[in-house]
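Undergrad: Build me a structure from this.
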Amino acid sequence: MRSHPADRSLSFARSGLLLMLAIVSSRGLAQHEHHDLPSTDSIRHETRLYDVMHRGRVEGRFRMIGMMTENAGDLSDYHALAFGGVLGIASERHKGFQFKLSGGFTFDLTSSDFSVTDAITGQHSRYEIALFDVKDPRNVNDLSYLHEFQLNYLSRSERTLVVFGKQELNTAFLNGQDGRMHPTMFEGLWGSHRTPKDLLFRGGWLYRVAPRGTSEWEHVGESIGAYGGATDVEGRPGMYPGNLESAGIFAASISAPFWKKRLRLTGWNIFTENIFNTAMLRLEAGNVTEGHFMAGIMAIRQDAVADGGNHVDSLAYLPKGSTSQVYSGRLALRTGRWTWQANYTRITPDSRYLFPREWGREPLYTFLTRERNEGAGDVEAASINIIVKDLLPGLKVEGDAGVYWLPAPDDFRLNKYGIPSYTQYNANLQYIFGGHWRGLAAQVLYVVKMPIRDVTPTADQTINRVDMHHVTIALNYSF
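TA: Next comes the predicted model:
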C-alpha cells in the first residue's frame, strides 16, 4: 500500500533525528580516551573484504526520454520529458562471488498533468505516464527506487552464473521491456549454465517484481495488474489487481542446437503458482545475423492453475479451467546490410491469451513496439520488418508495418482491453556513438496506428489505441 505524504514526511523526520543522535554519539565517543576504541577498526582496516569492495567499479547510466502522443479530434494529447538514471557499485570478484548494489532516480523536466483525465473518455495517458509512476499519476517528481541488490557467482569457465537478489532479466517472457526510464526488475534466485556443446539451461524462482513505470517492489501476486485490470470476460471492470496470491514464478528453460547447429530448439515453462502455467516451444533454423537465411516457428500454451489466482471468480486473473494457444512464425533473409523479415501470428479462439504486461513484452514474431496482442483471443496478425545496419557507422534504421485482426472491442470474452482491429507503422532510428562519445546512444521512434477501414471505434476504443501518432526520442549514456 502506498504511504501517505504525511507518513513519508514523518518517516524522514524520524530518520533525521536518528542521524543526529548518531552524530552526537560519535562526537561523544571521540572525547573518550584512546583505549576505549578497538585496537583495530574493521571499518577502516584494510582487510580482504575491504580490498574486494575498494577494487570494485562504479556502474550506471544516465537517460533522457521525451514522448508525445497525438490522438484524433478532441481527444487529449500528451507529452513528457524525463531525466534519470541508475548508479551503483559492483565489487571485485572473489572466488567467483560478486556483490552489486544500485539505485535509480527519475526527474520530470516537463510533462502533461497526468492527474487530469481526458474530458471525453475519462482515461489517462497510456505511454507518457509510464516514464514515472502509473499507479500514482501525481507522483512525477524526484522518484527513487532500489534497482539491484544481489550476490552473484560466476564460475571460472564463465559457463555458470547464479544470482540471488534484485536483478535484471532478459528472457522470452520475463524481461526488462526497457523502453521507459527504468526496466522491469525481478527478485529471487536465478541461474544459467551453458555446456561445452552449447546447451543452455536457465531458470529459477522469483518472488518479487518491480514493474517498469512504477516505483515499488511488489510480491508476484501484487505485481499483476499494476497497469490496471481492464475488463473480465463478462465486460465488468477487472478486479484482480491486489487480490491475487502466489508463492512466486517458477521458470525453467532449455535451448539446444542440433543438426550441425543449423537448428536450435528452445523450450520455456513459466509456472506462476496458484494462477497460471505458460509453456513455449520454439524451433529456429539458421541465424540471420551470421548467415543469410532464418526461419522460426513457436507454439505457446497457457492453462489456468487452481482457481486462476482467487477462489472468487470476479477476483481471479483468468477463468478457472481456461486454456489458450498461440502460434507464430517468421521467415528472414539478409542481403548485405539489409535484413527482411515476414511474420505471422495466430491466437486461437479458445479464450484470451494472457500474460502480465508488468513482467515483460510478448515473444511473438509479430510484436511491434507500443502495442501488444496479449489479452486477446481469435487474433490474426501479419507484419514485415526491414532493417538496415551501418548506412553510417553505428546507425541502424528499421521500418515495420503490420495488420492485426482482433475480435470486436465489445467481445469481452476475447478482447480484454477493447482494442479494435488496426494497422501499425513504425520507423525506428538508432545510433551508437563511438570514439570519445563511446557509451552514448540515441533513438528516434515514430509510430502510427490506424483502425482497419471497416472498423468504427468509439472514443473510448480510440484514445491511445488507434487513430494516433506517437514519437519517442531517447538518449542513453552507459558506463
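
Undergrad: which stretches of the stretch 101-250 of the chain form strands?
TA: 143-154, 160-167, 185-194, 200-210, 218-219, 249-258 (DSSP state E, counting those that start in this stretch).

Undergrad: Other residues contacting the fifth one?
TA: Outside of strand 218-219, the residues that reach it under the criterion CB atoms under 8 Å, 6 or more residues apart in numbering are 207-211, 226, 246. Backbone N, C-alpha and C define where each C-beta goes, glycine included.

Undergrad: next one: the first one
TA: By CB under 8 Å, 6+ apart, the residues outside strand 143-154 that reach it are 84, 86, 88, 93, 96-107, 132-133, 160-168, 182, 185, 210, 215-217.

Undergrad: Dump the strands of the stretch 101-250 of the chain to JSON lines, plus mean pLDDT.
TA: Output for these, formatted as JSON lines (pLDDT from 0 to 100):
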{"stretch": "strand 143-154", "mean pLDDT": "96"}
{"stretch": "strand 160-167", "mean pLDDT": "98"}
{"stretch": "strand 185-194", "mean pLDDT": "98"}
{"stretch": "strand 200-210", "mean pLDDT": "98"}
{"stretch": "strand 218-219", "mean pLDDT": "97"}
{"stretch": "strand 249-258", "mean pLDDT": "97"}
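
Undergrad: Would you reformat those as CSV and include mean neighbour count and distance to residue 381?
TA: Formatted as CSV, the strands of the stretch 101-250 of the chain follow (neighbours: other CB atoms under 10 Å; distance: least, CB to CB, whole Å):
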stretch, mean neighbour count, distance to residue 381
strand 143-154, 18, 34
strand 160-167, 18, 32
strand 185-194, 20, 28
strand 200-210, 19, 27
strand 218-219, 18, 31
strand 249-258, 17, 25
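
Undergrad: Columns distance to residue 67 on top of those, output as a markdown table?
TA: What follows is the strands of the stretch 101-250 of the chain, written out as a markdown table (distance: least, CB to CB, whole Å):
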| stretch | distance to residue 67 |
| --- | --- |
| strand 143-154 | 16 |
| strand 160-167 | 27 |
| strand 185-194 | 21 |
| strand 200-210 | 21 |
| strand 218-219 | 25 |
| strand 249-258 | 30 |
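
Undergrad: Which of the ones you listed sits closest to residue 438?
TA: Nearest to residue 438, of all these, is strand 143-154, at 22.9 Å by CB to CB.

Undergrad: Partner strands of the closest one and their direction?
TA: strand 97-111 (antiparallel), strand 160-167 (antiparallel) (DSSP bridges).

Undergrad: need the ones you listed in a markdown table with distance to residue 271, can you?
TA: A markdown table is the format used below for those (distance: least, CB to CB, whole Å):
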| stretch | distance to residue 271 |
| --- | --- |
| strand 97-111 | 27 |
| strand 160-167 | 19 |
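
Undergrad: list the contacts for the closest residue to residue 111 other than its chain neighbours?
TA: Distances taken as CB to CB, 6 or more residues apart in numbering place residue 80 nearest to residue 111, at 3.8 Å, with adjacent residues excluded. Counting by CB under 8 Å, 6+ apart, residue 80 touches 65-68, 108, 110-112, 125, 128-129, 131-132.

Undergrad: tell me which element residue 80 falls in.
TA: For residue 80, the host element (DSSP states H and E) is strand 78-90.

Undergrad: List the buried residues in that strand.
TA: 78, 80-88, 90 (16 or more other CB atoms under 10 Å).

Undergrad: tell me which of the residues you listed is nearest to residue 342?
TA: residue 78 (33.3 Å).

Undergrad: so that closest one bridges to which residues?
TA: Beta-bridge partners of residue 78, as defined by DSSP bridges: residue 69.

Undergrad: What score does it have for pLDDT?
TA: Model confidence at residue 78, given as pLDDT, is 97.

Undergrad: Tell me how far the residue nearest to residue 433 when sequence neighbours are not counted lies from residue 85.
TA: The spatial neighbour of residue 433 that comes closest, neighbours along the chain excluded (CB to CB, 6+ apart), is residue 440 at 4.3 Å. Residue 440 sits 13 Å away from residue 85, going by CB to CB, to the nearest Å.

Undergrad: Next, the contact list for the closest residue to residue 187 other than its chain neighbours, please.
TA: Distances taken as CB to CB, 6+ apart place residue 208 nearest to residue 187, at 3.8 Å, with adjacent residues excluded. Residue 208 makes contacts with 166, 186-188, 217-220, 223, as judged by CB under 8 Å, 6+ apart.

Undergrad: Does residue 339 have any beta-bridge partners, and if so which?
TA: Beta-bridge partners of residue 339, as defined by DSSP bridges: residue 334, residue 387.

Undergrad: Measure how buried it is and give me the count.
TA: 19 (other CB atoms under 10 Å).

Undergrad: Surely it and residue 333 touch.
TA: Yes. Counting by CB atoms under 8 Å, residue 339 does reach residue 333; the two are 7.3 Å apart.

Undergrad: can you list residues touching both of those two?
TA: residue 288.

Undergrad: Let me see the ranges of the helices in the stretch 1-150 of the chain.
TA: 5-30, 48-54 (DSSP state H, counting those that start in this stretch).

Undergrad: sorry, back to before: pull the strand holding residue 80 out as PDB, backbone CA atoms only.
TA: Below are the C-alpha coordinates for strand 78-90, written out as PDB (Å, rounded to 0.1, in the frame of the first residue of the first chain):
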ATOM      1  CA  TYR A  78       0.100  14.100 -24.100                       C
ATOM      2  CA  HIS A  79       3.800  14.900 -23.700                       C
ATOM      3  CA  ALA A  80       6.600  14.200 -21.200                       C
ATOM      4  CA  LEU A  81      10.300  14.800 -20.900                       C
ATOM      5  CA  ALA A  82      12.100  12.900 -18.100                       C
ATOM      6  CA  PHE A  83      15.700  12.600 -17.000                       C
ATOM      7  CA  GLY A  84      17.100   9.900 -14.700                       C
ATOM      8  CA  GLY A  85      19.400   7.000 -14.400                       C
ATOM      9  CA  VAL A  86      20.900   4.300 -12.300                       C
ATOM     10  CA  LEU A  87      24.100   4.500 -10.200                       C
ATOM     11  CA  GLY A  88      25.700   1.600  -8.300                       C
ATOM     12  CA  ILE A  89      28.700  -0.400  -7.400                       C
ATOM     13  CA  ALA A  90      29.900  -3.800  -8.300                       C
END
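
Undergrad: any idea how far residue 315 is from residue 231?
TA: 14 Å.

Undergrad: just residue 124 next, same as before
TA: Using CB to CB, residue 124 is found at 16 Å from residue 231.

Undergrad: just residue 424 next, same as before
TA: 22 Å.

Undergrad: Give me the more crowded residue out of those two.
TA: Taking neighbours as other CB under 10 Å, residue 424 and residue 231 compare with residue 424 leading, 21 against 18.

Undergrad: Can you tell me the element the closest residue to residue 476 other than its chain neighbours falls in?
TA: Counting by CB to CB, 6+ apart, residue 476 lies nearest to residue 441, which is 4.8 Å off, once chain neighbours are set aside. Taking DSSP H and E as the criterion, residue 441 maps to strand 440-451.

Undergrad: Who are the packing partners of that strand?
TA: Where contact means 3 or more CB pairs under 8 Å, 6 or more residues apart in numbering; DSSP states H and E, strand 440-451 is packed against strand 422-432, strand 468-478.

Undergrad: Sounds good, over and out.
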